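# return a 3D structure for these sequence lines:
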Amino acid sequence: MSDWTDGYVAEIDYTFGYYAELNPLRLAIPFLNVALAPPAVGTACELGFGQGVSVNIHAAASNVRWYGTDFNPAHAAFAQSLAEAAGSEAQLFDQPFAEFCARADLPDFDYIGLHGVLSWVSPENQRIVVDFIRRKLKIGGVLFLSYNCQPGFAAMVPLRHLLTEHAGMMAAPGRGIVARIDAALEFAETLLATNPGFALANPTLAERLKLIKAQNRNYLAHEYFNRDWRAILFADMVESLAPARLTYACSANYLDHIDALNLTADQHRFLTELPDPMFRQSVRDFIVNQQFRRDYWVKGTRRLSSLEQAEAIRRLTVLMPGSRSEVSFSLPSATGQRELSQSVYGPILDALCDRQSRTIGEIEQALSGAGVRLPTIYEAVVVLAGKGDLSLVQDAEIQAQARARTDKLNHRIFEKARSGAELTVLASPVTGGGIVTPRFLQLFLLARGNGHKTADELAKFVWDLLNAQSQRVLKEGKPLETPEENLAELATQAREFIDKRLPVLQTLQIA
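Residues are numbered from 1 along each chain as shown. Purely as a prediction, here's the structure:
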């Protein structure tokens, strides 16, 4: 009998994660930072979409036609239910890569995304995916790829092997995956307590195991306990993607583009003296001890002149949905905390503090008297967007078209929030992506949709839902016991929601 899972964990569902880098709208900022022309994206595909949260948010919140597959029928069924609720017409399947990638009814794609997938699938599936990209990614199209990598993950490779071998060979017959994971982690802790030579040579291993042990077991099952798992060297990824005729474009992590946040002056100088850009990436990974890469690759680069780059940057539209007072001017870096320049960042934030979207060209005009030039403004935009203070904004026409879909998708998520907290992201037609919104804030939005307005009304609505399910509010990690305590805490949270979070969600057209 064949194993339909092909060695991938299927007895426990994946988490309901949202991965912002899969949003095609985001690629404009890093592409323009390295003087590459970002393509217009009309068709997109996500391979291995898990529960389908990202693909459904991006399909509902944009005018992009999305396709995708995940081999797990339970994941695909949930993803299809979200697509149906939103009316996005996203085409989502439960086919293995071999079947999906051979479909004759798929369009060519402007954008293909895989979050972590190539770290966890078999070599045969890796070849199938690369061939699919070769055949179906358009000239000028972009691949987003994230994956576990070395050298940051090098010490974990043998420990991960021991964990999976223990789970597969040492567990008692009939034990479920969670029990096998717990037993494997306990074994690893006991092993490290004996001070093995490998752990002494890799002193960060114990702390890594401690972090792993604290993580969600559904996540761990899919992250570490598949049959196939690898931490990939950047040079090996370059070689793997060569048959698809892809060129490395840039990091999808905005803050990776700011060398001063990641490298010392000596490290930066050392890297700039290396003439080969691909070798430079390998060396940079070694310097920063990279363990997870988020990258854009392109089939046929189109480089911009300095004039074209500046003109494209000026056309970008950005928004600061939050309050200026909440923006931190302190940022961690490779050399410790860095303070952002008040003379540069202050005027930019002042220009955006009214929660109205503006082009970078308009910001440049507003700052013309302050002597802040376009390259400096753009670096600040990259940093602020990387910190989550700014967002790129879609055209108003696309926002208007997407609003009905995002409203329906968000309402479906509100309904899920009535009983649980698995889905913590809502869709914004303004950004074309997801906005982290915890359960109680979703329930406050649901209450508002049912006509409740005051903090006390919102609190009572949420408390009635919780109490009917024998659920309680947690405060400082402990459940509140009496109805009065629960209502009081919910009212406090509702007032903060009305004062601080609701204006942000209204700006993003979520409320």
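
# so which strand or helix has residue 56?
helix 53-60 (DSSP states H and E).

# what sits up against that helix?
16-19, 22-24, 44, 46, 49, 64-66, 68, 79, 82-83, 86, 88-90, 92, 115, 402, 405-406, 408-409, 423, 425, 427, 432-434 (C-beta atoms under 8 Å, 6 or more residues apart in numbering). From N, CA and C alone the C-beta is placed, and that goes for glycine too.

# list the helices and strands the next helix or strand after it packs on?
Going down the chain from helix 53-60, the next helix or strand is strand 65-69, by DSSP H and E. Judged by 3 or more C-beta pairs under 8 Å, 6 or more residues apart in numbering; DSSP states H and E, the packing partners of strand 65-69 are strand 43-47, helix 53-60, strand 91-93.

# partners of strand 65-69, with directions?
strand 43-47 (parallel), strand 91-93 (parallel) (DSSP bridges).

# beyond whichever strand or helix holds residue 159, next helix or strand please.
Using DSSP H and E, the element containing residue 159 is helix 156-169. Where DSSP H and E defines the elements, the next helix or strand beyond helix 156-169 is helix 177-193.

# in that following helix, which residues are buried?
For helix 177-193, burial by neighbour count (16 or more other C-beta atoms under 10 Å) applies to 177, 180-185, 187-188, 191-192.

# which of those lies closest to residue 141?
For the buried residues of helix 177-193, the residue nearest residue 141 by C-beta to C-beta is residue 177; the value is 37.0 Å.

# mean confidence for stretch 83-92?
Mean pLDDT, computed over stretch 83-92, is 98.

# oops, could you answer that again for stretch 45-57 instead?
97.

# ends of that stretch, how far apart?
13 Å (C-alpha to C-alpha, to the nearest Å).

# next: stretch 94-110.
Stretch 94-110 has its terminal residues 22 Å apart, counting by C-alpha to C-alpha.

# buried sites along it?
94, 96-97, 100-101, 106, 109-110.

# repeat for stretch 380-387
Within stretch 380-387, the residues that qualify as buried are 380-386, counting by 16+ other C-beta under 10 Å.

# which of these lies closest to residue 311?
residue 381 (15.5 Å).

# with just CA atoms, put the helix or strand encompassing that closest one into CSV.
Element membership of residue 381, judged by DSSP H and E, is helix 374-387. Provided in CSV are the C-alpha atoms of helix 374-387 (Å, rounded to 0.1, in the frame of the first residue of the first chain):
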residue,chain,number,x,y,z
LEU,A,374,14.9,60.9,-1.5
PRO,A,375,17.5,58.1,-0.8
THR,A,376,17.3,58.9,2.9
ILE,A,377,13.5,59.0,2.9
TYR,A,378,13.4,55.7,1.1
GLU,A,379,15.7,54.0,3.6
ALA,A,380,13.5,55.3,6.4
VAL,A,381,10.4,53.9,4.6
VAL,A,382,12.1,50.5,4.4
VAL,A,383,12.9,50.6,8.1
LEU,A,384,9.5,51.8,9.2
ALA,A,385,7.8,49.2,6.9
GLY,A,386,10.1,46.5,8.2
LYS,A,387,9.1,47.5,11.8
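
# other SSEs contacting that helix?
Where contact means 3+ C-beta pairs under 8 Å, 6+ apart, helix 374-387 is packed against helix 28-33, helix 306-315, helix 342-352, helix 360-366.

# I'd like to know which elements the lowest-mean-pLDDT helix or strand in the chain is packed against.
Every helix and strand of the chain was ranked by mean pLDDT, DSSP states H and E. The lowest is helix 217-224, at a mean of 76. With contacts defined as 3+ C-beta pairs under 8 Å, 6+ apart, helix 217-224 has these neighbours: helix 156-169, helix 177-193.

# in the longest helix anywhere in the chain, what's buried?
Longest helix in the chain by number of residues, with DSSP state H as the criterion: helix 396-417. Across helix 396-417, burial judged by 16+ other C-beta under 10 Å covers 398-399, 402-403, 405-414, 416-417.

# partners of the helix or strand where residue 140 lies, with directions?
Following DSSP H and E, one finds residue 140 within strand 137-148. Looking at strand 137-148 with DSSP bridges, its partner strands are strand 109-115 (parallel), strand 292-298 (antiparallel).

# one step back: what is the nearest of the buried residues of stretch 94-110 to residue 32?
Using C-beta to C-beta, those come closest to residue 32 at residue 110, 17.1 Å.

# excluding chain neighbours, what is closest to the closest one?
residue 41 (4.4 Å; C-beta to C-beta, 6 or more residues apart in numbering).

# quick one: pLDDT of the one you found?
Looking at residue 41, the pLDDT reads 97.
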